[in-house]
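Participant: attaching a predicted model along with its sequence, questions to come.
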Amino acid sequence: MAVEGGSPASKPMWEQSSSRRRLGRVWDAFMRAVVTSAGSLAILIVLALFVFLFYEAIPILHKVPLFAMLFGAKWHPTSEPPKFGFLPMIVGSLLLTAASCAIAIPLGLAGAIYIAEIATPRAQAILKPAVELLAAVPSVVFGFIGLVLLAPLVRQVFHLSTGLTGFTASIMLAYMALPTILSLSDDALRAVPRGIRLGSMALGTTRWQTIRFAVLPAARPGLLPAVMLGIGRAIGETMTVLMVAGMAGIIPHSLFQPMRSMTGTIAAEMGEAARGSDHFHALFMLGALLFLITFVINFIADYAVRRTEAQR
C-alpha cells in the first residue's frame, strides 16, 4: 500500500513524466526569453549608435552641403574659412582597403586550403593555433613593426622620400586581416562533409581537382563571410594606419604616396576638436559615413551568402 506524500520515486511514472515536461516547457520559455532579450538588446545598441552618430553629425549640414563634403578635395578644419572635404580620406581608405585585400585574400584562402586539405595533422595542430594567436596581437604592435622595420625598407627599396606611404600601410593591413580570413576559411573548409571529397575522388579526380571543383564550391557560404570580415577589418583599422600611412590630407594618385584614412582622421583629431564646433560635427559626419560603408559591406556579405545557399 503506497504511503501518501511519499518520495518522488514512489509516484506513478505518468506523474513524473508530466512534471518533467512542465519543467522542460518552463526552461524553454526562459531560455527563449533570454535569447530574444539578448538579440533585441544588440539591435537596440546598433540603432542607438546610429542615432547618436547622426544626431551629432547633422549640425554640420546646416553650414556645409553634403555634396561639398563628400567631394571636397581639401581637409583644413582649422583654416579660415575651414574646409571639410572628405574625398582625400574616402579615396585613401578605399585604396588602402583594396590593396590590403588584394594581398590578404589570396594568401588567406591559399593558407586555409593548405591547412585544411594538405597539411599533416601535426602541422595542422601547430599552424591553426599560431594563426589564431596572430589575430590577438594588438594593432599598435603591427603599427610599431611597420614604422620601425617596414617603412625604412620601403623607402630604401623604392627610393622614396619617406617610407610612410599607402603601400606600407597596405602590407601591414593585409598582415592584420590575414588571420581572420585564414582562420574562418579553414573552418569553412573543414565543415565540408567528407563524403563530398570521397565522392569526387571516386570519380577519378586528382586531389587539386577535388579541392577546386568540389570542396571550394561546397565551402563558399563560409568563405564569403570570411573574406567580407577581412575587408571589414582592413577598412576599420585605425592605429596601424595612423602610424604608417603618412596621414597626408591630399587625394593620393599612387600607393607610394602618404595618404589619410577616415578612421585615422577621427582618431587623430577628435581629441583636439572643441565639443560643439564645426570640426567636431564634421568628424562625426565622417564617422557616420564610415558606419554606412561598413553596414553596406555587411549587407553585401549577407546577401551573397543567402544567394549562394539558395542556389545550392
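Facilitator: Received it, and whenever you're ready, just let me know what you need. None of these values were measured; they are calculated from a predicted model. Residues are numbered from 1 along each chain as shown.

Participant: residue 281 is in contact with residue 59, correct?
Facilitator: Yes - here residue 59 lies in contact with residue 281, judged by Cβ atoms under 8 Å, at a distance of 4.7 Å. C-beta: built from backbone N, CA, C; applies to glycine.

Participant: more neighbours, the two?
Facilitator: Between residue 59 and residue 281, counting by other Cβ atoms under 10 Å, residue 281 is the more crowded of the two (22 against 16).

Participant: isn't the more buried one up against residue 62?
Facilitator: No - applying Cβ under 8 Å, one finds residue 281 not in contact with residue 62, separated by 9.2 Å.

Participant: got the domain ranges for this structure?
Facilitator: Following automatic domain parsing, the chain resolves into domains at 12-62, 68-311.

Participant: any idea which of these has the lowest pLDDT on average?
Facilitator: Mean pLDDT is lowest for domain 12-62 among the domains of the chain, at a mean of 83.

Participant: beyond the helix or strand hosting residue 177, next helix or strand please.
Facilitator: Per DSSP states H and E: residue 177 is located in helix 166-190. Counting by DSSP H and E, the element after helix 166-190 in chain order, helix or strand, is helix 194-202.

Participant: list the buried residues in that next one.
Facilitator: Neighbour-count burial for helix 194-202, with 16 or more other Cβ atoms under 10 Å as criterion, is recorded at 197, 200.

Participant: following that helix, which helix or strand shows up next?
Facilitator: The C-terminal neighbour of helix 194-202 among helices and strands, as given by DSSP H and E, is helix 207-210.

Participant: so who does the closest residue to residue 172 other than its chain neighbours touch?
Facilitator: Distances taken as Cβ to Cβ, 6 or more residues apart in numbering place residue 146 nearest to residue 172, at 4.2 Å, with adjacent residues excluded. Listed by Cβ atoms under 8 Å, 6 or more residues apart in numbering, the contact set of residue 146 reads 168-169, 171-172, 240, 243-244.

Participant: 6 Å - rerun?
Facilitator: Neighbouring residues of residue 146 by Cβ atoms under 6 Å, 6 or more residues apart in numbering: 168, 172, 244.

Participant: from those residues, which single one is nearest residue 68?
Facilitator: The nearest member of the contacts of residue 146 to residue 68, counting by Cβ to Cβ, is residue 244 at 30.4 Å.

Participant: chain center to the helix holding residue 177: distance?
Facilitator: Taking Cα atoms, centre = their mean, to the nearest Å, one finds the center of helix 166-190 at 10 Å from the center of the full chain.

Participant: after whatever helix or strand residue 93 lives in comes which helix or strand?
Facilitator: Using DSSP H and E, residue 93 falls within helix 87-113. Downstream of helix 87-113, the first helix or strand assigned by DSSP H and E is helix 121-134.

Participant: so which bits of that following helix are buried?
Facilitator: For helix 121-134, using 16+ other Cβ under 10 Å, the buried residues are 124, 127-128, 131, 134.

Participant: and what of stretch 235-255?
Facilitator: For stretch 235-255, the neighbour count (16+ other Cβ under 10 Å) marks 235-252, 255 as buried.
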